[in-house]
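Engineer: Any chance you can model this:
(one chain, ligands or ions: 1)
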Amino acid sequence: MLTETIAFDDERQIFTADDTSTEELVSRMTIPLSLTFQLTRNCNFRCVYCSEPPGIRTRPVEEVLEMVDKLSGMRRIIFSGGEPMAYKHFWRVLEHAQGKFERIVLSTNASMIKPGDGDRLKELVHYVDITVDGPRKQHDAIRGQYDKVIRGLRRVAEAEIPLSVICVFMQGNRNVIHYIAQTGDIFGAKKVKVLTTIPKGMSKNLFEDFTSSEDIEALEVRLREEKERNGWTPRIVMTDWMKVGQGHAILIEPNGRAVASPVWNEPECIDPFADLSKCTAEELWQAFPYKINHLAKYLERTMIVID
Ligand code: SF4
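Structural biologist: Numbers count the residues shown, from 1 in each chain. The predicted structure is shown next:
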């Protein structure tokens, strides 16, 4: 039923539906539409705002594969981390996931994409998300390793894998944030996603970087003008957490714990609600408290969109 109603538009990188209400669509769902599967929390970067820092051990690979099997039939799985390519069984998991999901996505810092990996990835993923936090100086102050990131981005683009460029809007890049759209345009990104910090992980103490709805509205006006002026082709999608609401994302941590994120009423900004190593995908969905926010976000009904 849901498969007939919700489609994935590869050109715009968005789930689409007719005007059926979100509540009605949710009532027909038995498993999540999409979730983020963290293969490892290890990472070769130390981004100042990292919301998913190291400290959680990954289950043995056989158990990871079993958890992937349990999710089979879900519309989209996003392999993430930490840095997912730092996980030693990364390629094995990607190969194992083939045919089980309508869309398989890699969310990576791009620094570990070696020569030849682009062609290999093209066979295994539908698109790649890569974060660039500004031009060289600003990116390096926030995230580091600009050259490695751009090199990885170029390898993905040259392999003609669809991609999105992501950035996190902070004090350190607020005056140059529009360059992200320029970067996305150069590399043929379908979408540029502008996120804002959440009080989670390393971001917890970055109070000066938390963004108000007014800041986001001002940025929207500016990016709309710049997109028009410069003829950028990627769609720009911005997140205002006050509109998205809490807990839309389901993260499977490397140990199998399922958490809803971000939930800023909770001290760690997450709401653990299930353990995928011990339950089915249906049970996981049943236990998930933020179903409406989940679907509304992925249909971009609660997002700021600059088409
Ligand atoms: S934000 Fe991503 S790339 Fe940066 S340290 Fe955290 S996991 Fe690594």
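Engineer: Quick check: residue 251 is in a helix.
Structural biologist: No. In this structure, residue 251 is strand, not part of a helix, as judged by DSSP: H, G, I helix; E, B strand; the rest coil.
Engineer: partner residues bridging it?
Structural biologist: Counting by DSSP bridges, residue 251 forms beta bridges with residue 36, residue 259.
Engineer: wait, doesn't it sit right on residue 35?
Structural biologist: Yes. Look at residue 251 against residue 35 with CB atoms under 8 Å: they come within range, at 7.2 Å. From N, CA and C alone the C-beta is placed, and that goes for glycine too.
Engineer: Which one's more surrounded, those two?
Structural biologist: residue 35 (24 against 20; other CB atoms under 10 Å).
Engineer: Mind checking what secondary structure residue 195 has?
Structural biologist: Secondary structure, three-state DSSP: residue 195 is strand.
Engineer: Against the ligand, how distant is it?
Structural biologist: 11 Å (CB to the nearest ligand atom, to the nearest Å).
Engineer: Going by neighbour count, which residues in the strand or helix carrying residue 219 are buried?
Structural biologist: Here residue 219 sits within helix 213-230, counting by DSSP states H and E. Across helix 213-230, burial judged by 16 or more other CB atoms under 10 Å covers 216, 219, 220, 223, 226, 227.
Engineer: Based on its surroundings, how many neighbours for residue 269?
Structural biologist: For residue 269, using other CB under 10 Å, the count is 20.
Engineer: Which parts of the chain are helices?
Structural biologist: 2-5, 22-27, 61-70, 90-97, 117-124, 136-142, 146-158, 178-186, 213-230, 241-244, 281-287, 291-298 (DSSP state H).
Engineer: for the ligand, what are the nearby residues on the protein?
Structural biologist: Neighbours of the ligand within the chain, by CB under 6 Å from any ligand atom: 43, 45, 46, 47, 50, 52, 81, 82, 83, 109.
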